[in-house]
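# build me a structure from this.
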Amino acid sequence: MADGELVKKMLRAILQANKGGVSLSRLQSEYKELSGEQIPHKQMGHNHLDALLASMPSVIRMERNRSGEMVYFASGANETANIAKVVARQRSSKKTGRPHLVNTQMRVKPAAPLVLNAKPQTSLRQPNHRGRGGGRGGGGGRGTGHGDFRQARDMRDGQSESKTGVHPNKMSNQNTPNRKGNPPAENHGSGKGKPYNPQQVQGRIREILGKYSNGFWVSKLPQIYRELYKQDLPTEAIKDLETWTHICTVEKTCSSNPSELLLYPAKEQTTPSSPSPILTPNSTTVPAPTSNTSTDKPLHSPAQQRPPAAHLTRSGSRSPRSPPSSSSSPSPPSSPATLTPDLKLKLEELLVKYSNGLWAHALPKLFQDTYKTKLPGHVLENLHLLSDICTIDYPMPDNPKRAILVRQELGRRLSNHAVPSLQIPKEEYPSVLVVEATNTNGVILRYIGEGYSQAQESMEDEMREFYGLDQSSPTPLSSPSSGQLVAVRAEEEEEILRAQVCEVMAEKVKVYYVDHGFSEVISKTKVFELHEKFFKLPFQATKCKLAGLEPFCQEPAVLKKFETMASGRILLAEILERGQTPLVVLYDTSQDDDVNINAACMKALQDKTLASPLQVNSAYMNVTVSSVCSDGTIYCQLPSRGLAKLNEILENIETYFHSQVTSEFLVSRPFCGKGCLARYKGKWSRVEITNLHGSRVLDILFIDVGVQASVEVIELREIPPLFLRDLIAIPPQAVKCCLADLAVSVGSWTPDAVQWLREKVLNITDCSMKVAKVDETKRCIYVHLFTDKNFHDPARSLNHQMAQSDLFKQQPDVFLTRNNMDVYVSVACHPGHFVLQPWRDMYKLVVLMGEMILYYNKTEEKPLNIEKNQIYAAKVENNWHRVLVKGVLTNGLVSVYELDYGKHELVSCTQLRPLIKEFRQLPFQGITAQLAGVKPRQWSEEASIVFRNHVEKKPLVAQLEAIQEATNPWDRKLTVFLVDTSQEERDIWVHDIMAEFADELTNEL
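The predicted model follows:
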């Protein structure tokens, strides 16, 4: 058990040294630097680190900054938020190599954040209404986890932490009016058919809509009504809602469930207009309002992207430059509410050719001539569907059928000033702040770091000063126009942000914040002309596509999982493909283990009823042990519906591939977490890619048998689309198990014990087992395993047999013992000892290690008599190295020296293999050396650090001075001068630096 008081003292020391507050990852990092270990939240009884920190109010104070990141302060600190902000900006995050702690350098802000954090486009917003204040009255914030800024968002966050609220884009059966448990027992009197007072109910509904002006699901109305008025809402009143147009507006979604209705305050009275077709919940089009007073144009990001899609926005309110209606006749039958991606692409290509605009009535003939196919008729009837690729103008108010379509190209000029395109960061793993996603092919995010979030903060500080509240500040725009870039004074906080006008109303405008990725309706008095100096920074809100999720980009389960795990968090993005919309894999690195967000979202599609059912104290027969790992972990398959369905689908895939050219299904873009197919015992099986070794070799896990392997990428196949959905729905059928009641833990098994168990259980299909314990944290099942059906007798279990044997007896004690060329210094201890690698042969080493991975990951582990001073192949992390055994410890660990890199490592004896002749041909690449030109001495730590900083992990030139020959090549030692030739103007001789440093130390003494 961790010492709670000691942990608190260390946390307090870190926080007091960081007056400006620290992010969660920074707190983790500094704690580890101070103590040498991670914050022990699990040992202190908390599943998550943020839960532990929240339990220490006397030590830690938590606030969210403007960008939604949780920032931690020492409790009771008196520093003001402004000072904290300055300090936070001065601090810089250090990140080297593949980062495990993301760069979360964001500005600390007061606790009442700008509405950026509320993400208004996810609410059920009625464009005519401000619905920010009332919508949050129903429930408290919901923030949990690192970087999560999900605050109370209108009705979808539920009442008082109710878990029945559902994201508007993630509709489920929860949103039906007749949810269980709604009516209290004593209030049945106002049920179906009972008389009620319509005036009273109308007045109360008007009060409710005044509070929740963003709108909400009709299915939520009885619950809200009961909580506010302590009475049940009459059933007949729900039916009458649609007739009370002076009180409210009822809107049907495009869902197949007719009970899913949206309720809004009554529309503002305008002249009759033709309502626009309803948008589907997952529509990718921009919200389409409808009023002949509107001058809205579709929203476009002039630099690099189009605006984000809105969620279930009022479809019958306003539409872009809506044509005036000559009559108030009912609208025609609803037609398709979206365009297919292929159709949208073709229309976009046509509009690009006509930069000055194209008459809509000319589109069908042009489309027919260009693509030799007819334009679908619903396109002209629903021009608002084109609003995300062009603006729609109606130059003849009396003729709504005459419209001009104008394509707004990326990087176009607005107000005679060009906005540069946003460049994707050069680093492979940039930090990003995820704003939201209504489609995994268009996730809205912002890059974090220098040149991105930092440059944006500097610009917004300058904008705040430029558009100050003094008399010399600019005056509001008198007549903003749709598509115009403007400066906006955001509501509730004196922030000035860049935005683009997307709809103009009588007193208000709807704007899209181009640096923050959401839309908002504001007063015209808060809109200013954007000065030319604020056009220089690219728009910071951009989009990415999540790799592997393309076929399921709008699945509600996927989007709900993404909302929970990623929305509002700062994550790490692995960029697989750089394009206008980069293809990425997102990782949450805030906890002990990195979480692959893409893979987690894919697992949300699994049907849990197809998983292997396991309960404590239950026995299972006909169990197949499919794998026994070298650490003692076993993987089992149990008879289940999922396994039967899996085998049926895989057989169909075998038949399908026999009739197809399987090379057409080669995996062209492998990445960690990707699911595909590989051959296992002569048949295609499901695998997940777990690690990549360059572009050719990768590690995989056969998820249904628990077997790990290393293969070449050409051995993998994509899952045919015909079987993809059914195959993804089946959870992995390999159940991870450990043998219960053994004196040794997993990871401490001897090779003899592993081999004995493999011989007993592998390839036997009628094993049985009894579940002793389920460990959710380790995702492992502890079992008693039997090779027959006599699971009633514990003495017959393999657990009992192994416990009574000598299989776990440790090995006897063995004491641990002790001309010019381009080179690479792999290890540098001090000038008297470092390791060189010849630069010319490094590519040969890379090839060799790839071959070793392929060879050794395919060979089975066999008992090996390990001897000191002998050469073996050893697995260190995920690579195989040629090593010299320096000694064997009593606990099964072996001290090895990497002969190609000069590093000392401790590895398990189970990770060693004989080094075959084929892998001994290339000379060992690690050459021990000492620096020429300086006298041998006992080098101080300061001198050693200086030396390492100049030479380690760097390519240099070595000038050979002398060779100390030895019997074994690894004992040979060179004396060399090291020269850094990276600077054009002069060469740096490292011995000169060290000689000067040694003289300074001598003089000080």
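
# any idea whether residue 918 is helix, strand or coil?
helix (DSSP: H, G, I helix; E, B strand; the rest coil).

# so where's the stretch 451-600 of the chain uncertain?
Where the stretch 451-600 of the chain drops to pLDDT under 70, the residues are 469-472, 491-493.

# again with the stretch 851-1000 of the chain
997-1000.

# could you pull out the helices for it?
941-951, 990-1004 (DSSP state H, counting those that start in this stretch).

# for the shortest one, which positions count as buried?
Of all the residues in helix 941-951, those buried under the rule 16 or more other Cβ atoms under 10 Å are 943, 944, 946, 947, 948, 950, 951. Just so you know, the C-beta spots here come from the backbone N, C-alpha and C atoms, and that holds for glycine as well.

# would you agree the first one is in contact with residue 831?
Yep, that's residue 943 we're talking about. Yes. Between residue 943 and residue 831 there is a contact at 7.4 Å, judged by Cβ atoms under 8 Å.

# mind listing the shared neighbours of these two?
Common neighbours of residue 943 and residue 831, counting by Cβ atoms under 8 Å, 6 or more residues apart in numbering, are residue 994.

# contact partners of stretch 699-706?
With Cβ under 8 Å, 6+ apart as the criterion, stretch 699-706 contacts 626-627, 629, 634-635, 637, 646, 675, 678, 680, 685-693, 707-711, 716, 732-734, 736, 857, 878.

# tell me how far it lies from the chain's centre.
23 Å (Cα atoms, centre = their mean, to the nearest Å).

# quick check: mean pLDDT across that stretch?
Taken as a whole, stretch 699-706 has a mean pLDDT of 93.

# send me it as CSV with only the CA atoms.
Only the C-alpha atoms of stretch 699-706 are listed here, as CSV (Å, rounded to 0.1, in the frame of the first residue of the first chain):
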residue,chain,number,x,y,z
ASP,A,699,3.9,-7.9,-35.0
ILE,A,700,0.4,-9.3,-34.9
LEU,A,701,-1.9,-10.9,-32.4
PHE,A,702,-4.3,-13.7,-33.5
ILE,A,703,-7.1,-12.3,-31.4
ASP,A,704,-9.2,-15.6,-31.4
VAL,A,705,-6.4,-17.9,-30.2
GLY,A,706,-4.1,-15.5,-28.3
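
# what residues sit buried inside that stretch?
By neighbour count on 16+ other Cβ under 10 Å, the buried set for stretch 699-706 is 699, 700, 701, 702, 703, 704, 705, 706.

# in its sheet, what does the host helix or strand of the second one sit against?
Same thing as residue 700. Here residue 700, judged by DSSP states H and E, is contained in strand 697-702. Applying DSSP bridges, strand 697-702 is found paired with strand 683-693 (antiparallel), strand 707-712 (antiparallel).

# quick check: which of those is buried the most?
Between the strands paired with strand 697-702, strand 683-693 has the highest mean count of neighbours, a mean of 19, where neighbours are mean count of other Cβ atoms under 10 Å.

# sheet-wise, list the partners of the helix or strand hosting residue 543 with their directions.
For residue 543, the host element (DSSP H and E) is strand 542-546. Sheet pairing of strand 542-546 (DSSP bridges) gives strand 443-448 (antiparallel), strand 583-588 (parallel).

# so how far is the last one off the chain centroid?
Relative to the mean C-alpha coordinate of its chain, strand 583-588 is positioned 5 Å out (Cα atoms, centre = their mean).

# next SSE downstream of that strand?
Scanning onward from strand 583-588 (DSSP H and E), the first element met is strand 595-596.

# need the residues that contact that next one.
Residues contacting strand 595-596 (Cβ under 8 Å, 6+ apart): 565, 585, 586, 587, 588, 589, 672, 673.

# flag every buried residue along the top helix by length along the chain.
As assigned by DSSP state H, the longest helix anywhere in the chain is helix 641-658. Neighbour-count burial for helix 641-658 flags 642, 643, 645, 646, 649, 650, 653 (criterion: 16+ other Cβ under 10 Å).

# surely the second one and residue 732 touch.
What that stands for is residue 643. No. Using Cβ under 8 Å, residue 643 makes no contact with residue 732, being 10.5 Å away.

# next, the angle from the helix or strand following the strand holding residue 543 to strand 443-448.
Counting by DSSP H and E, the next helix or strand C-terminal to strand 542-546 is helix 556-565. Helix 556-565 and strand 443-448 meet at an angle of 20 degrees, taking axes from the mean of the first three to the mean of the last three Cα atoms, to 10 degrees as the criterion.

# got the buried residues for helix 556-565?
In helix 556-565, counting by 16+ other Cβ under 10 Å, buried: 556, 557, 558, 559, 560, 561, 562, 563, 564, 565.

# return the distance of that helix from the chain's centre.
11 Å.

# next, the contact list for the residue nearest the centre of the chain, please.
The chain has residue 586 as the residue nearest its centroid, 3.2 Å off, counting by Cα atoms, centre = their mean. Neighbouring residues of residue 586 by Cβ under 8 Å, 6+ apart: 432, 434, 546, 566, 571, 572, 573, 574, 596, 597, 598.

# next: residue 56.
By Cβ under 8 Å, 6+ apart, the contact list for residue 56 reads 8, 11, 75.

# surely residue 830 meets residue 945?
No. Residue 830 lies out of contact with residue 945 (Cβ under 8 Å); the separation is 9.2 Å.

# where in the stretch 251-400 of the chain is pLDDT low?
252-260, 267-337, 355-356, 388, 395-400.

# can you do 80?
Along the stretch 251-400 of the chain, the parts satisfying pLDDT under 80 run over 251-262, 264, 266-339, 341-342, 345, 348-349, 352-357, 384-385, 387-400.

# okay, buried residues for stretch 923-939 please.
Quick answer for stretch 923-939 (16+ other Cβ under 10 Å): 924, 925, 926, 927, 928, 929, 930, 931, 932, 933, 934, 939.

# three-state assignment of residue 392?
Strictly by three-state DSSP, residue 392 counts as strand.

# quick check: the gap between it and residue 678.
Here the criterion is Cβ to Cβ, to the nearest Å. By it, residue 392 lies 50 Å from residue 678.

# look at those two and report which has more neighbours.
residue 392 (22 against 17; other Cβ atoms under 10 Å).

# pairing partners for that one in the sheet, please.
residue 405.

# all numbers from here: first residue = 54
With 54 as the first residue, the last one maps to residue 445.

# quick check, it in contact with residue 438.
No. Proximity of residue 445 to residue 438 does not meet the contact threshold set by Cβ under 8 Å, at 10.0 Å.
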